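Chemist: Compute the structure for the input listed below.
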Amino acid sequence: MMVADGIPTFDVRQTCRGTEVAIFPGRNMETCIQSEQSVLEQLREGGWAGFAAPDRAECVGLARMSGPPSYVELITCLEMRRDMRRIRATSPDAPEQTGTTNSRRKTG
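Modeler: Have a look, this model is predicted:
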(Lines give C-alpha, C1' and ligand atoms only; values in the text may rest on other atoms or scores of the structure.)
Protein backbone atom coordinates (compact mmCIF):
# COMPACT_ATOMS: atom_id res chain seq x y z
CA MET A 1 0.00 0.00 0.00
CA MET A 2 1.36 3.40 -0.97
CA VAL A 3 1.42 6.15 1.66
CA ALA A 4 -1.25 8.13 -0.18
CA ASP A 5 -3.66 5.18 -0.42
CA GLY A 6 -4.82 5.18 3.19
CA ILE A 7 -4.87 7.43 6.21
CA PRO A 8 -1.59 7.00 8.07
CA THR A 9 -1.51 5.83 11.68
CA PHE A 10 0.12 8.34 14.01
CA ASP A 11 0.77 7.87 17.75
CA VAL A 12 -1.09 10.95 18.99
CA ARG A 13 0.05 10.34 22.56
CA GLN A 14 3.64 10.77 21.41
CA THR A 15 2.60 13.76 19.30
CA CYS A 16 0.93 15.43 22.28
CA ARG A 17 3.52 14.53 24.91
CA GLY A 18 4.95 17.66 26.47
CA THR A 19 2.17 19.99 25.35
CA GLU A 20 1.70 21.15 28.95
CA VAL A 21 5.03 22.95 28.73
CA ALA A 22 4.62 24.12 25.17
CA ILE A 23 3.96 27.73 24.24
CA PHE A 24 0.27 27.10 23.55
CA PRO A 25 -1.82 28.56 26.41
CA GLY A 26 -4.67 26.31 27.48
CA ARG A 27 -3.42 23.37 25.46
CA ASN A 28 -2.57 20.27 27.43
CA MET A 29 -2.25 16.58 26.69
CA GLU A 30 -6.01 16.03 26.81
CA THR A 31 -6.97 18.91 24.51
CA CYS A 32 -4.16 18.00 22.13
CA ILE A 33 -5.35 14.40 21.86
CA GLN A 34 -8.94 15.60 21.35
CA SER A 35 -7.81 17.87 18.50
CA GLU A 36 -5.80 15.09 16.87
CA GLN A 37 -8.68 12.60 17.15
CA SER A 38 -11.17 15.14 15.79
CA VAL A 39 -9.04 15.69 12.68
CA LEU A 40 -8.52 11.95 12.26
CA GLU A 41 -12.29 11.43 12.36
CA GLN A 42 -12.73 14.20 9.78
CA LEU A 43 -10.27 12.41 7.49
CA ARG A 44 -12.01 9.06 8.06
CA GLU A 45 -15.42 10.51 7.21
CA GLY A 46 -14.37 11.16 3.66
CA GLY A 47 -11.98 14.06 3.88
CA TRP A 48 -8.95 11.94 2.94
CA ALA A 49 -10.32 10.94 -0.46
CA GLY A 50 -11.04 14.58 -1.28
CA PHE A 51 -7.35 15.44 -1.45
CA ALA A 52 -5.14 14.71 -4.45
CA ALA A 53 -2.97 11.58 -4.10
CA PRO A 54 0.32 13.45 -4.74
CA ASP A 55 -0.60 15.96 -2.02
CA ARG A 56 -1.48 13.17 0.41
CA ALA A 57 1.86 11.45 -0.19
CA GLU A 58 3.88 14.64 0.16
CA CYS A 59 2.01 15.90 3.24
CA VAL A 60 2.36 12.55 5.03
CA GLY A 61 6.09 12.66 4.36
CA LEU A 62 6.33 16.23 5.64
CA ALA A 63 4.30 15.41 8.76
CA ARG A 64 6.68 12.57 9.60
CA MET A 65 9.80 14.70 9.04
CA SER A 66 9.02 17.38 11.60
CA GLY A 67 9.12 15.28 14.77
CA PRO A 68 6.20 13.21 16.02
CA PRO A 69 3.62 13.35 13.22
CA SER A 70 0.37 15.23 13.75
CA TYR A 71 -3.01 14.88 12.06
CA VAL A 72 -3.51 18.62 12.60
CA GLU A 73 -0.30 19.36 10.69
CA LEU A 74 -1.28 16.82 8.04
CA ILE A 75 -4.70 18.33 7.33
CA THR A 76 -3.26 21.84 7.36
CA CYS A 77 -0.76 20.82 4.68
CA LEU A 78 -3.47 19.07 2.65
CA GLU A 79 -5.81 22.06 2.83
CA MET A 80 -3.08 24.49 1.79
CA ARG A 81 -2.12 22.36 -1.21
CA ARG A 82 -5.77 21.91 -2.21
CA ASP A 83 -6.33 25.65 -1.99
CA MET A 84 -3.22 26.37 -4.08
CA ARG A 85 -4.50 24.01 -6.78
CA ARG A 86 -7.79 25.92 -6.82
CA ILE A 87 -6.02 29.26 -7.02
CA ARG A 88 -3.81 28.05 -9.87
CA ALA A 89 -6.84 26.78 -11.74
CA THR A 90 -8.58 30.15 -11.58
CA SER A 91 -5.71 32.65 -11.62
CA PRO A 92 -3.31 33.14 -14.52
CA ASP A 93 -0.84 34.92 -12.18
CA ALA A 94 -0.58 32.05 -9.67
CA PRO A 95 2.85 30.43 -9.18
CA GLU A 96 3.44 27.38 -11.39
CA GLN A 97 5.19 25.09 -8.90
CA THR A 98 4.45 24.07 -5.31
CA GLY A 99 6.91 25.51 -2.84
CA THR A 100 8.19 28.27 -5.10
CA THR A 101 7.33 31.90 -5.10
CA ASN A 102 8.33 34.67 -7.40
CA SER A 103 7.95 38.07 -5.82
CA ARG A 104 8.99 39.90 -9.01
CA ARG A 105 6.48 40.23 -11.81
CA LYS A 106 7.61 40.38 -15.40
CA THR A 107 6.90 43.74 -16.98
CA GLY A 108 6.36 44.78 -20.56
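Chemist: residues in contact with the longest helix seen in the chain?
Modeler: Identified as the longest helix of the chain according to DSSP state H is helix 71-90. Under the criterion CB atoms under 8 Å, 6 or more residues apart in numbering, residues 8, 10, 12, 35-37, 39-40, 42-43, 47, 50-52, 55-56, 58-60, 62-63, 66, 94-96, 98 lie in contact with helix 71-90. The way it works is simple: take the backbone N, C-alpha and C, and place the C-beta from them, glycine included.
Chemist: avg pLDDT for that helix?
Modeler: Mean pLDDT, helix 71-90: 93.
Chemist: contacting residues for the residue nearest to residue 44 when sequence neighbours are not counted?
Modeler: Leaving aside its sequence neighbours, residue 44 sits nearest to residue 7 (CB to CB, 6 or more residues apart in numbering; 6.5 Å). Shown in contact with residue 7 (CB under 8 Å, 6+ apart): 40, 43, 44, 48.
Chemist: mind listing the helices for this structure?
Modeler: Counting by DSSP H, the helices of the chain are 12-16, 29-42, 53-65, 71-90.
Chemist: possible to save those as CSV with mean neighbour count?
Modeler: Listed next are the helices of the chain as CSV, based on neighbours: other CB atoms under 10 Å:
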stretch, mean neighbour count
helix 12-16, 18
helix 29-42, 15
helix 53-65, 17
helix 71-90, 16
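Chemist: picking that back up, buried subset of the contacts of residue 7?
Modeler: Listed as buried from the contacts of residue 7 are 40, 43, 48; burial here means 16 or more other CB atoms under 10 Å.
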